[in-house]
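K.L.:
quick one, what's the 3D model for this:
(chains A and B)
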Amino acid sequence: ETGVTQTPRHLVMGMTNKKSLKCEQHLGHNAMYWYKQSAKKPLELMFVYNFKEQTENNSVPSRFSPECPNSSHLFLHLHTLQPEDSALYLCASSRDVTDTQYFGPGTRLTVL
Amino acid sequence: EDQVTQSPEALRLQEGESSSLNCSYTVSGLRGLFWYRQDPGKGPEFLFTLYSAGEEKEKERLKATLTKKESFLHITAPKPEDSATYLCAVQAASNSGYALNFGKGTSLLVTP
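P.N.:
Residues are numbered from 1 along each chain as shown, chains lettered A, B, ... in the order given. Prediction:
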């Protein structure tokens, strides 16, 4: 266990659905991240939050909407997704934005 | 543009057969180089951080080394439980400091 949990672990949704992914870290870290991992591609950074403030939006489509209510919780709200958005979505946290990042187990998302 | 290239893409070893994985990088000022291990369907597990050329770190059968252009992950007398995908990532000093640039990984299979 890395101290970073993600729910749900698996999610299947239609293109018209709205769902949310949740991430929680128990490490006392100040920075949290969302990554997308697709088959045969490197991990892609999506969003960065530092002390609850979004500091990076890596050209992510607006159908992905992050929310960080406090330093321990991070959400990714999903709506009107496309089949190509099917991937493993990983949450990570670090003590600060220059420190080692620790990953959660991921949410396997399938968009039908 | 920062680049990270890992080789080989896949490696099959007999138990006890030592080998090395390579991570070549191009970055404008290295802040840190990270090695992670990822099992199927799980999030990356942190292994090592290297900060400067000449630095080495060890953990059980794994040893990571760093030069100005590449890093090696040496696996000594591997066991089947070392089978996983090994990811390399670099963090550049030229940007705001938090973006990790990942390689595609090396998939390692150790057979009994």
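K.L.:
for residue 14, which non-adjacent residue is spatially closest?
P.N.:
No chain specified, so I'll use chain A. Spatial nearest neighbour of residue A:14, chain neighbours left out: residue A:112 (5.4 Å); criterion: CB to CB, 6 or more residues apart in numbering or on different chains. Where you see a C-beta, it was placed from the backbone N, CA and C, and this is true even at glycine.
K.L.:
not quite, go with chain B.
P.N.:
Setting aside the residues directly before and after it, residue B:14 is nearest to residue B:111 in space (CB to CB, 6+ apart), at 5.9 Å.
K.L.:
so which bits of the lowest-mean-pLDDT helix or strand in chain B are buried?
P.N.:
The helix or strand of chain B with the poorest confidence is strand B:100-102; it has a mean of 91 (mean pLDDT, DSSP states H and E). Buried residues in strand B:100-102, defined by neighbour count with 16 or more other CB atoms under 10 Å in any protein chain shown: B:100, B:101, B:102.
K.L.:
got it, and stretch B:80-90?
P.N.:
B:82, B:83, B:84, B:85, B:86, B:87, B:88, B:89, B:90.
K.L.:
that stretch near chain A anywhere?
P.N.:
Yes: contact of stretch B:80-90 with chain A (CB under 8 Å from any CB of the partner chain) involves B:87, B:89.
K.L.:
where in chain A is the helix or strand with the lowest mean pLDDT?
P.N.:
strand A:53-57 (a mean of 80).
K.L.:
show me what that strand is in contact with.
P.N.:
Residues outside strand A:53-57 that contact it (CB atoms under 8 Å, 6 or more residues apart in numbering or on different chains) are A:45, A:46, A:47, A:48, A:49, A:66, A:68, A:97, B:96, B:98, B:99.
K.L.:
report the buried residues of that strand.
P.N.:
residue A:56.
K.L.:
pull the CA atoms of that strand into PDB?
P.N.:
Extracted C-alpha coordinates of strand A:53-57, given in PDB (Å, rounded to 0.1, in the frame of the first residue of the first chain):
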ATOM      1  CA  GLU A  53      -4.700  25.100  -6.400                       C
ATOM      2  CA  GLN A  54      -4.600  23.900 -10.000                       C
ATOM      3  CA  THR A  55      -1.100  24.600 -11.400                       C
ATOM      4  CA  GLU A  56      -1.200  22.600 -14.500                       C
ATOM      5  CA  ASN A  57      -3.800  21.700 -17.100                       C
END
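K.L.:
got any ranges where chain B has weak pLDDT?
P.N.:
Along chain B, segments meeting pLDDT under 70 span B:94-98.
K.L.:
okay, the residue nearest the centre of chain A and residue A:71: tell me how far apart.
P.N.:
Closest to where the C-alpha atoms of chain A average out (CA atoms, centre = their mean) is residue A:34, at 3.2 Å. In this view, residue A:34 and residue A:71 are 15 Å apart by CB to CB, to the nearest Å.
K.L.:
all set now, cheers.
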